[in-house]
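# here are the coordinates; sequence isn't available:
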């Protein structure tokens, strides 16, 4: 298990969750240390997979954090049972930007469960979701920043390799595809979730980029030749 993953796996209590909320950067910085390089296509693909995996791991942790928060918030209420709490926890990311829908559903369940205060129960569920989603935004924002910055930094190298006359054409074509994919990822970091990098490259049109034009010899070059 990586050290970054261990940080997420430690969130099994409100205290641990609060600690991560107070300093989400510690996770992002540790993840950055563990990322593969970007000197080869294999490294770029491994880096891409690691970052996509990190986004998935964050969502898994957020579901767990939501369940912990619900159990604490509803400790004295039985109108929303364990199965429904699990459903709310596992689907909490789907309520991002739609907390009013979650509130409505929680209230309906609370009413059917004969809660003394359905509105209060629904509010508790929404507050738990709001806190969980805020932590998700903080962690995802940091990881997507790594995706964006890494892609931007790798574009020039990919372009240079794609135009390098000394490389075989098949390799240059692969680097051309990588450069085009990196440009899109730099603008849309969540693209890493669409498919593995190798699949994204394979879906791009085949293209051979023109090499850089030969440099005109300078006077100093000509004198050296003499």
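Now that the structure is in, tell me what you want to look at. Fair warning: this is a prediction, and the values are worked out from it, not measured in the lab.
# what sits against residue 41?
Under the criterion of Cβ atoms under 8 Å, 6 or more residues apart in numbering, the contact partners of residue 41 comprise 174, 175, 178. No exception for glycine: its C-beta is placed from N, CA and C like everyone else's.
# was I right about residue 52 contacting residue 192?
Yes - the pair formed by residue 52 and residue 192 meets the contact definition of Cβ atoms under 8 Å, at 4.4 Å.
# host element of the residue positioned nearest the centre of the chain?
The residue lying closest to the centre of the chain (Cα atoms, centre = their mean) is residue 55, at 3.4 Å. Under DSSP states H and E, the secondary-structure element containing residue 55 is helix 41-73.
# following the chain past that helix, name the next helix or strand.
Proceeding N to C from helix 41-73, the next assigned helix or strand is helix 82-90, under DSSP H and E.
# and that next one, what other elements does it pack with?
For helix 82-90, the contact count by 3 or more Cβ pairs under 8 Å, 6 or more residues apart in numbering; DSSP states H and E identifies helix 41-73, helix 99-112 as packing neighbours.
# give me whichever of these is most buried.
When you average the neighbours per residue for each of the helices and strands packed on helix 82-90 (mean count of other Cβ atoms under 10 Å), helix 41-73 leads with a mean of 19.
# and the angle from that one to helix 99-112?
If you take axes from the mean of the first three to the mean of the last three Cα atoms, to 10 degrees, helix 41-73 sits at 40 degrees to helix 99-112.
# check which helices and strands the lengthiest helix in the chain sits against.
Once the chain is assigned using DSSP state H, the helix that runs over the most residues is helix 118-162. Applying 3+ Cβ pairs under 8 Å, 6+ apart, we find helix 118-162 packed against helix 14-22, helix 25-34, helix 41-73, helix 99-112, helix 169-187.
# could you export the ones you listed as a markdown table, including mean pLDDT and distance to residue 156?
Formatted as a markdown table, the helices and strands packed on helix 118-162 follow (pLDDT from 0 to 100; distance: least, Cβ to Cβ, whole Å):
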| stretch | mean pLDDT | distance to residue 156 |
| --- | --- | --- |
| helix 14-22 | 96 | 35 |
| helix 25-34 | 97 | 20 |
| helix 41-73 | 97 | 13 |
| helix 99-112 | 97 | 42 |
| helix 169-187 | 97 | 9 |
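# to residue 121, which of those lies closest?
helix 99-112 (4.0 Å; Cβ to Cβ).
# so the residue nearest to the centre of the chain touches residue 189, yeah?
No - taking Cβ under 8 Å as the contact criterion, residue 55 and residue 189 are not neighbours in contact, 9.4 Å apart.
# spit out the residues that contact these two alike.
Common contacts of residue 55 and residue 189, defined by Cβ under 8 Å, 6+ apart, comprise residue 144.
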